[in-house]
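J.: show me how the following folds:
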Amino acid sequence: MRRFFLSGLLVVVPIIVTFLILRLLFRTVDGLLAPLVTQLVGREIPGVGLLATIVIVFLAGFFISSVFGSRLYSIGEVLFIKTPLVRTVYVGAKQLMESMFLPSSKAFKQVVLVEYPRKNGWAIGFVGGELVVNGKFLISVFVPSTPTPFTGFVINYPPEEVTPLSISVEEGVKFVVSGGIVAPERLRAASARPERPEGKPL
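T.: Numbering: from 1, shown residues only. A predicted model of the protein is given here:
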């Protein structure tokens with residue numbers, strides 16, 4: 001009975017988590033353009049906002065792929081980057097999306113294990129950068145939320161409090177989104193923490 005229950009749990013939980021995330025995304029994205037489409041059409045159509053958003057995303061991707069679109073996007077991006085308040089939000093959001101969906105961008109350097117949110121409580125994090133504050137070397141770690149890894153906290157740790165993991169960023173994201181259900185085999189196996197000099201970057 002225990003084996004059957006666990007087997008069923010491994011099947012049902014990922015499906016439920018996927019459904020909840022997709023429902024959240026559906027409601028969020030659908031709410032962006034649904035009011036506008038409702039005004040144009042004259043009546044409410046469930047899902048039309050999501051459909052319109054998907055079409056706009058595909059058209060934007062097609063447009064950016066062209067030479068003219070690429071140049072126009074570059075000009076617009078410069079305007080975004082030079083605008084003080086917009087720059088802060090835009091650059092951070094773009095780098096986060098690239099880190100999650102484009103592993104080749106190497107925006108996140110490594111997946112690590114950190115003590116959070118309390119002592120002897122451990123969380124998966126992604127190394128975003130390195131800081132030197134008052135002569136003290138710190139590692140900036142983005143600790144994502146479950147099941148939406150796009151939100152979370154940035155915490156700066158001393159190097160000795162950060163444990164590197166031999167998994168990819170994609171595997172780390174899957175682990176977070178699944179609530180720990182989808183754990184890489186290398187993450188399940190206990191391994192000795194790599195020794196490295198204090199104050200050195202990962």
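J.: and the helices in the chain?
T.: Using DSSP state H, the helices assigned to the chain run over residues 2-41, 48-65, 67-82, 84-101, 169-177, 185-188.
J.: so which of those is the most surrounded?
T.: Stretch with highest mean neighbour count among the helices of the chain: helix 169-177 (a mean of 20; mean count of other C-beta atoms under 10 Å). Where C-beta positions appear, they are placed from N, C-alpha and C, glycine not excepted.
J.: what packs against that helix?
T.: The elements that helix 169-177 packs onto, with contact taken as 3 or more C-beta pairs under 8 Å, 6 or more residues apart in numbering; DSSP states H and E, are helix 84-101, strand 110-115, strand 122-133.
J.: helix 169-177 and the second one, what's the angle between them?
T.: Right, the one you point to is strand 110-115. Orientation check (axes from the mean of the first three to the mean of the last three C-alpha atoms, to 10 degrees): strand 110-115 against helix 169-177 gives 40 degrees.
J.: quick one: contacts of strand 110-115?
T.: Around strand 110-115, the neighbours that count as contacts under C-beta atoms under 8 Å, 6 or more residues apart in numbering are 121-127, 139, 141, 143, 155, 157, 161-165, 167-169, 171-172, 202.
J.: got it, and the last one?
T.: The contact list for strand 122-133, computed with C-beta under 8 Å, 6+ apart, reads 99, 107-117, 137-144, 154-156, 162, 165, 169, 172, 175-176, 201-202.
J.: buried subset of those residues, written for PyMOL?
T.: Buried residues within those, by 16 or more other C-beta atoms under 10 Å, are selected in PyMOL with:
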select buried, resi 99+107+108+109+110+111+112+113+114+116+138+139+140+141+142+143+144+155+162+165+169+172+175+176
